[in-house]
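my questions are about this predicted structure, shown below with the sequence.
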Amino acid sequence: MPDQTVLVVDDDADIREICSEALRDADYTVLAAASGREARDLLDAELIDIVLTDLDMPEITGLELLRHVKERSLDTGVILITGHASVSTAVEALRTGAYDYITKPFTLDDLVTRIGHLAERRALSSENRLLRQQLKAGRGPGGMVGSSPAMQELYRVILRLAPRRQPVLISGESGAGKELVARALHECGTAPREPFVALDCAALTSSLMESELFGHVPGAFTGAAQRRAGMLAAAGKGTLFLDEIGELPVELQAKLLRALQEKEFRPLGSNQCQHFEARIVAATNRDLPSAVRDGNFREDLFFRLNVLSIKTPPLRARTEDIPALVSFFIDREAGPNNPVTGISRQAMEVLMAYPWPGNIRELRNHVDRAIAMSDGELIQIGDLSPELCTSHTVFPPGTGLKQMQLAEREAIVQALASSEGHRVEAANLLGIGKTTLYRKLKEYGL
């Protein structure tokens with residue numbers, strides 16, 4: 001998780017070097033200072049996440065450096081190194097704002113563990129602060145829409161994983177917003193200004209897909225007159241998004257696996273390998289573990305892609321976000337030739353009751369259609385697709401909650417039927433936790 005910068009401050013060169021080396025081995029970026037004055041200059045010039053400082057130093061002590069850090073940035077964490085004779089001063093430092101202190105002699109394992117605890121605490125605090133700011137603005141990471149509990153949890157996961165460079169596998173139903181999640185990971189990551197390149201693995205034949213992914217040299221195949229860089233190269237130090245990775249032809253899976261393992265690839269028709277630095281984010285609406293068992297997807301590639309994982313909730317698991325999504329789609333289409341500024345309560349109740357098998361993509365299409373059909377400022381029931389209006393009974397105004405409950409009960413019944421009564425499988429089909437399903441079964445007398 002590192003991806004944080006630690007400043008090691010100690011006038012003893014041996015201790016300074018040993019601590020710095022141990023932290024570098026733990027994947028931290030490390031700066032070092034031989035005095036409090038040098039440390040102050042670095043703090044004013046660099047973005048420092050954590051300061052590890054000796055307490056007893058000439059000129060500027062560790063306690064004085066701590067006060068300087070806290071005046072400059074409350075977010076920077078400080079851990080003090082002290083001898084037994086200075087423990088009382090270290091306790092005073094805790095009151096001043098230090099995170100922890102470690103007494104000499106100490107083990108490097110203990111030091112790295114304490115730094116790790118502070119790094120995790122800082123990361124979580126940063127995630128929560130950013131999440132609060134974004135939700136207050138009505139948006140999640142990457143401009144995603146929704147503030148339901150399911151989406152807030154998704155945002156937390158995105159913010160936690162975004163700084164890491166390991167592959168991420170995003171799973172979820174078609175139309176649930178997997179590419180938006182991938183873009184949010186990129187925009188909140190360490191290289192947001194680098195390219196974000198998307199490749200649909202289901203859109204091309206095997207030979208064309210290999211050329212798109214790895215590129216080709218002149219003469220690699222009929223019609224290949226010029227050298228062409230593939231998506232791996234085009235992504236640079238940014239993100240390569242492999243959409244519908246479950247559809248990648250089996251013969252290409254081995255080549256992609258090797259590229260991920262070696263961090264290099266060979267363009268089609270070339271004998272020369274090229275290094276790449278892009279982060280790989282893949283998405284699928286298929287059950288990849290089942291595809292692995294059926295022999296349709298390589299197990300080793302699945303494990304390589306599934307280092308970090310994110311599950312995108314279906315729209316039926318966050319129906320409270322539908323009004324915000326509808327408003328977003330309406331605002332996006334605003335213009336002089338479009339009088340629509342909102343939606344009637346009755347029409348919204350119909351949208352809230354519908355199960356949305358096509359998720360957000362389907363909702364967007366229906367809202368766009370309703371805008372085109374409307375001749376007033378508000379979308380009315382008559383502007384909605386007949387599919388929406390005939391599939392559910394329209395209740396009088398004020399009974400939207402009852403309508404939602406009936407739709408929810410029907411969805412649970414259908415999921416239980418599809419899973420032959422297997423509750424855990426039914427919960428997975430519904431995109432909810434098994435505890436939530438058990439509560440709903442009791443609530444609806446099922």
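Great, that's in hand.

which residues touch residue 102?
Contacts were defined as C-beta atoms under 8 Å, 6 or more residues apart in numbering; by that measure residue 102 touches 79, 80, 81, 82, 110, 111, 114. The way it works is simple: take the backbone N, C-alpha and C, and place the C-beta from them, glycine included.

try it again at 10 Å.
Residues near residue 102 by C-beta atoms under 10 Å, 6 or more residues apart in numbering: 52, 79, 80, 81, 82, 90, 110, 111, 113, 114, 115.

of those residues, keep whichever come out buried.
When those are checked for burial by 16 or more other C-beta atoms under 10 Å, the buried set is 52, 79, 80, 81, 82, 90, 111, 114, 115.

returning to that earlier point: now tabulate the contacts of residue 102 in CSV and tack on pLDDT, secondary structure and distance to residue 211.
Conversion of these to CSV gives the following (pLDDT from 0 to 100; DSSP: H, G, I helix; E, B strand; the rest coil; distance: C-beta to C-beta, whole Å):
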residue, pLDDT, secondary structure, distance to residue 211
52, 94, strand, 50
79, 92, strand, 52
80, 90, strand, 57
81, 89, strand, 56
82, 85, strand, 61
90, 68, helix, 62
110, 91, helix, 53
111, 92, helix, 50
113, 92, helix, 48
114, 91, helix, 51
115, 92, helix, 46
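
got JSON lines for the residues you listed, with distance to residue 231 too?
Below are those laid out as JSON lines (distance: C-beta to C-beta, whole Å):
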{"residue": "52", "distance to residue 231": "41"}
{"residue": "79", "distance to residue 231": "43"}
{"residue": "80", "distance to residue 231": "49"}
{"residue": "81", "distance to residue 231": "48"}
{"residue": "82", "distance to residue 231": "53"}
{"residue": "90", "distance to residue 231": "53"}
{"residue": "110", "distance to residue 231": "45"}
{"residue": "111", "distance to residue 231": "42"}
{"residue": "113", "distance to residue 231": "40"}
{"residue": "114", "distance to residue 231": "42"}
{"residue": "115", "distance to residue 231": "38"}
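
kindly indicate which of the residues you listed lies nearest residue 297.
Distances from residue 297 to those, taken as C-beta to C-beta, are shortest for residue 113 (38.0 Å).

can you pull the contacts of that closest one?
With C-beta under 10 Å, 6+ apart as the criterion, the residues that contact residue 113 are 26, 102, 107.

assumed the second one was part of a strand.
What that stands for is residue 102. Yes. Under DSSP: H, G, I helix; E, B strand; the rest coil, residue 102 sits within a strand.

what about it, distance to residue 113?
Here the distance between residue 102 and residue 113 works out to 10 Å (C-beta to C-beta, to the nearest Å).

do the same with residue 314
Counting by C-beta to C-beta, the separation of residue 314 from residue 113 is 40 Å.

what do you get for residue 361?
Distance from residue 361 to residue 113, counting by C-beta to C-beta: 46 Å.

just the pLDDT at residue 344, thanks.
We have a pLDDT of 92 for residue 344.

cool, residue 406 as well?
Looking at residue 406, its pLDDT reads 67.

tell me how far stretch 183-200 lies from the chain's centre.
11 Å (C-alpha atoms, centre = their mean, to the nearest Å).

oh sorry, the question was meant for stretch 353-366
Shown here is stretch 353-366, whose average C-alpha point lies 23 Å from the average C-alpha point of the whole chain (C-alpha atoms, centre = their mean).

distance to residue 283 and pLDDT for the contacts of residue 113 - can I get that in TSV?
Listed next are the contacts of residue 113 as TSV, based on distance: C-beta to C-beta, whole Å; pLDDT from 0 to 100:
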residue	distance to residue 283	pLDDT
26	31	90
102	43	89
107	43	91
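
where does residue 31 land in three-state SS?
Following three-state DSSP, we place residue 31 in the strand state.

burial of it, as a residue count?
Applying the criterion other C-beta atoms under 10 Å, we find 19 residues in the vicinity of residue 31.

for the stretch 301-446 of the chain, give me the ranges with low pLDDT.
In the predicted model of the stretch 301-446 of the chain, residues 390-407, 420, 444-445 satisfy pLDDT under 70.

could you redo the last one with a cut-off of 50?
In the predicted model of the stretch 301-446 of the chain, residues 392-400 satisfy pLDDT under 50.

show me the strands in it, by range?
Using DSSP state E, counting those that start in this stretch, the strands found in the stretch 301-446 of the chain span residues 308-311, 342-343, 378-379.

relative to the longest one, what are the paired strands and their orientations?
I take that to be strand 308-311. Each strand that pairs with strand 308-311, with its direction, by DSSP bridges: strand 168-171 (parallel).

buried ones in the strand it pairs with?
Judged by neighbour count (16+ other C-beta under 10 Å), strand 168-171 contains these buried residues: 168, 169, 170, 171.

give me the number of residues near the nearest residue to the third one once chain neighbours are set aside?
Spelled out, that is residue 170. For residue 170, the nearest residue in space outside its immediate sequence neighbours is residue 283; the separation is 4.2 Å by C-beta to C-beta, 6 or more residues apart in numbering. Using other C-beta under 10 Å, residue 283 has 26 neighbouring residues.

so which helix or strand takes in residue 283?
Residue 283 is part of strand 279-284, with elements assigned from DSSP states H and E.

domain parsing of this structure, as residue ranges.
Per the record's domain assignment (automatic domain parsing), the chain is made up of the domains 5-119, 168-311, 315-398, 403-443.

turn those domains into CSV, columns for distance to residue 158.
Converted to CSV, the domains of the chain look like this (distance: least, C-beta to C-beta, whole Å):
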stretch, distance to residue 158
domain 5-119, 19
domain 168-311, 5
domain 315-398, 15
domain 403-443, 17
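
residue 142 is nearest to which of the ones you listed?
Residue 142 lies closest to domain 168-311 among the domains of the chain, at 2.9 Å (C-beta to C-beta).
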